[in-house]
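Undergrad: Give me a 3D structure for the following:
(one chain, ligands or ions: 1)
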Amino acid sequence: MDISFKIGQIKRGFNIFRQVCINCHSLKLFKLMDLLKLGYTHKQAALLVKKYRIIDYFKLPYKSIIQAKHFNNGSLPPDLSLVTKYRSFQWIYDLLTGYGNTVIRNKSNLYQNKGLESGWTAMRPPLAYGCIKDNFCAQHTIHQYTRDVIGFLNWVSEPWLNIRQRITIPILSSLFITGLILTNSLIKNNNKTLWEYIVNNHLFGSWNH
Ligand code: HEC
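TA: This is a model prediction of the structure:
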């Protein structure tokens, strides 16, 4: 499945989450502040979900678990922070795209879903063609939305990835500097420093002529 860590996909996926999934699911490993890692400013991030401060995680949007179940056919919408860790991308993809064109409900009010082995889920079909407002007024298919929202959820579940990206440059530069210092002392010859060595051996050409 074509899930990347491309910033565009993660941003589109967040946009879907904040417009749709946030109405039923919590996301306890995510705060608006995390959006700074995607290049949003503090101010922009703070405005994206009005009911949360930038340092709050996204709570289950019901007064209690009983109420959450009451509104969802007796099922609790699970926290989605780690869903890409305990379900495969394909499993989530099949679920979100598995409702078919007509919504069918059984006697227990469950929704038919071909993506699930049981064939039924308590989750109302969350996505429809063009249902997300975005800056470009682009209308996307359920398949595209699904890929994007999985990309976002996967990013939420991999905090190390962001850190890895952020520390690459400092790590590489400190390795480079350590390397220079080491080379310098190894080459030290007759108490000469690397620079004297370079100059004396005309490694960069001669400055005398
Ligand atoms: C109207 C409420 C509602 C909305 C909106 C909603 N969900 Fe759900 N979702 C549920 C409920 C309820 C369940 C539990 C279904 C069950 O147990 O049968 C669920 C289950 C899931 C599961 C399965 C988790 C698991 O491990 O079994 C995933 C994945 C999921 N939702 C993703 C999403 C995504 C992504 C969005 C946004 C695009 C979304 N949901 C929007 C109510 C909702």
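Undergrad: What average pLDDT does the helix or strand Lys43 falls within get?
TA: Under the criterion of DSSP states H and E, Lys43 resides in helix 42-48. Mean pLDDT, computed over helix 42-48, is 94.
Undergrad: In this protein, what residue spans correspond to helices?
TA: Applying DSSP state H to the chain gives helices spanning 7-19, 42-48, 65-70, 83-86, 89-96, 142-156, 159-187, 194-200.
Undergrad: And the ones you listed, which one averages the lowest pLDDT?
TA: Among these, helix 194-200 scores lowest, with a mean of 74.
Undergrad: and it, how far from the chain's centre?
TA: Mean-position distance between helix 194-200 and its chain equals 49 Å (CA atoms, centre = their mean, to the nearest Å).
Undergrad: Which neighbouring elements make contact with the lengthiest strand in the chain?
TA: Within the chain, and with DSSP state E defining each element, the longest strand by residue count is strand 27-31. Applying 3 or more CB pairs under 8 Å, 6 or more residues apart in numbering; DSSP states H and E, one finds that strand 27-31 contacts strand 57-58, helix 142-156. Yep, even glycine has a C-beta here, placed from its N, CA and C like the rest.
Undergrad: among these, which is the most enclosed?
TA: Using mean count of other CB atoms under 10 Å, the stretch among the helices and strands packed on strand 27-31 with the largest mean neighbour count is helix 142-156, at a mean of 23.
Undergrad: List the buried residues of the helix holding Lys43.
TA: Ala45, Ala46 (16 or more other CB atoms under 10 Å).
Undergrad: count of residues packed around Cys131?
TA: Residues near Cys131, counting by other CB atoms under 10 Å, number 14.
Undergrad: Number of residues surrounding Thr141?
TA: Residues lying near Thr141 (other CB under 10 Å) number 13.
Undergrad: ok, now which ones touch Lys50?
TA: Applying CB atoms under 8 Å, 6 or more residues apart in numbering to Lys50 gives no contacts.
Undergrad: Equivalent analysis for Arg18, please.
TA: Arg18 makes contact with Leu48, Val49, according to CB under 8 Å, 6+ apart.
Undergrad: Repeat the analysis, applying 6 Å as the threshold.
TA: With contact taken as CB atoms under 6 Å, 6 or more residues apart in numbering, Arg18 is in contact with Val49.
Undergrad: do you know how far it is from Ala45?
TA: Distance, Arg18 to Ala45, by CB to CB, to the nearest Å: 11 Å.
Undergrad: Domain-wise, how is this protein divided?
TA: Domain assignment for the chain by automatic domain parsing gives 7-157, 169-200.
Undergrad: so which of those is the most packed in?
TA: Among the domains of the chain, domain 7-157 has the highest mean neighbour count (mean count of other CB under 10 Å), at a mean of 16.
Undergrad: okay, how far is it across it, tip to tip?
TA: End-to-end distance of domain 7-157 (CA to CA, to the nearest Å): 15 Å.
Undergrad: what's the answer for stretch 110-128, then?
TA: Stretch 110-128 end-to-end distance (CA to CA) = 18 Å.
Undergrad: Could you see whether the ligand lies near that stretch?
TA: Yes - residues of stretch 110-128 are located near the ligand by CB under 6 Å from any ligand atom, namely Thr121, Ala122, Met123, Arg124, Pro126, Leu127.
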